[in-house]
Structures are given as structure tokens and as C-alpha cells.
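K.L.:
here you go, sequence then predicted model.
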Amino acid sequence: REPLLGGWEYPNILFVVVICFTYACISPIILPFGAIFFLGALIVYKKDILLVYTPAHESGGTMFPSACTRVLIGLICGQVTLIGYTILQSSFYQPLVLLPLPFITYFMINEFGRIYQSPSEILSLERATQIDQKSMVKIRFDEDLYRQPVMAEQRLEPLPYRVSLDSLSMSSSISPVGVLHTDVGNKIV
């Protein structure tokens, strides 16, 4: 297993996002190629992250707000390029209509920071369990403490197919109860 080189993989993906945003208004033919790239990246990186790479550290989600901010800054670059491109095409009304877009996007960057960044600074559950295990107070740590109750249930065996509940309690014989039979066992058709 290899360590994930986030300082190498993350900027490459971000660079492709910014190129797609920036050049989409000049040459829209880049968008299908960007979509194919990200579809391939989804398939490859999902497999790599699950099976190949070993996590060197757990950031607790601290990289997510900066990733979103940088993608939205790339979107602002694309919007400014679109405004400039429409000005170069001697348009008058289109740049006026598009002018608020970078400001709205910048406002949304600040809103996302307020709504999502401060909650993401709280400890992750994995980090909380590590702190609890290494604490000075020696209490018994319950492994199922942070697990959802559904995930802690015992395995259930399914009932046999088309077996009435009465016949299970009396004997193990199969009765003809189903779609084309009545409760008594007579055929409907």
C-alpha cells in the first residue's frame, strides 16, 4: 500500500477544474473532455483510495472548505473570462447582466465559510474515539459507543420462501400460500 500524495493529486484535479471553468465560454468543446476526465478520475481515484492508498493522516474534514473555496475562485475566473469575452464580441447587454455573477459567487464563498467551515472545525468521530482511548481517565471504552444502533444488531436469518407462519410453529412443511393461492391453500386460478 502506498501513501496518498495529496499535494500532488489535489492540485492536478483543481487545475483541470479551473481550465474547464475558464475556457468553457471560449471553446465549449472542452466540456465533454472535462466530463470524460472527471468520470475516469472518479473511477480510478475511488478504487485507488479504497484499495491502494494508505491514509497517512486524518484531517477531520479540514481540507474540504479550502477545496470548495478554491473551486469557487476558479468559477469566478471563468465568469470574469466570460464577461471579458462578451465585451470583446462587442456586446453591451450581456456583460451588464453577467457583471453581478462574480460578486454573487464571492458572497456564496463567504456564506459557505460561515455555514460549513465553522462546523467542520469540530472533531471528527474517529479523532474523538482516539482522544477517548488515550485519555488519562481510565474507564472502559465501549466499541459500539459511536456506532449507529442499526449497525450493532445481530445477524438475522430470513424465513423460508412461501412458508406460512403457522406451519413454522407446528412443523417444517411448506404450505402453498402465495400469489395464486388463498390462505386456506386452494388455488385461485
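P.N.:
Thanks, I have it.
K.L.:
how about the helix or strand hosting N12: buried residues?
P.N.:
Per DSSP states H and E: N12 is located in helix 6-23. Of all the residues in helix 6-23, those buried under the rule 16 or more other C-beta atoms under 10 Å are V16, V17, V18, I19, C20, F21, T22, Y23. Yep, even glycine has a C-beta here, placed from its N, CA and C like the rest.
K.L.:
what packs against it?
P.N.:
helix 30-47, helix 63-88 (3 or more C-beta pairs under 8 Å, 6 or more residues apart in numbering; DSSP states H and E).
K.L.:
quick check: S135 vs I122, distance?
P.N.:
Note on S135: its distance to I122, by C-beta to C-beta, to the nearest Å, is 18 Å.
K.L.:
P95 - that's part of a helix, no?
P.N.:
Yes. Counting by DSSP: H, G, I helix; E, B strand; the rest coil, P95 is located in a helix.
K.L.:
and it, what's its pLDDT?
P.N.:
Note on P95: pLDDT of 92.
K.L.:
so it makes contact with V80?
P.N.:
No. Between P95 and V80 there is no contact under C-beta atoms under 8 Å: 10.7 Å.
K.L.:
quick check: angle from the helix holding N12 to helix 63-88?
P.N.:
20 degrees (axes from the mean of the first three to the mean of the last three C-alpha atoms, to 10 degrees).
K.L.:
and the contacts of helix 6-23?
P.N.:
With C-beta atoms under 8 Å, 6 or more residues apart in numbering as the contact definition, helix 6-23 has outside contacts at 30-31, 34, 37-38, 41, 45, 63, 67, 70-71, 74-75, 77-78, 81.
K.L.:
tell me the angle it makes with helix 30-47.
P.N.:
Using the same axes, to 10 degrees: helix 6-23 against helix 30-47 is 160 degrees.
K.L.:
give me the low-pLDDT residue ranges for the chain?
P.N.:
For the chain, residues meeting the criterion pLDDT under 70 lie at 58, 60-61, 119-120, 123-124, 128, 136-152, 159, 161-189.
K.L.:
how about the contacts of helix 6-23, which pair is most distant?
P.N.:
Maximum pairwise distance in the contacts of helix 6-23, criterion C-beta to C-beta, is 27.6 Å, between Y45 and T81.
K.L.:
now a PyMOL select for only the buried ones of the contacts of helix 6-23.
P.N.:
In PyMOL, a selection of the buried entries from these looks like this (16+ other C-beta under 10 Å):
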select buried, resi 30+34+37+45+70+74+75+78+81
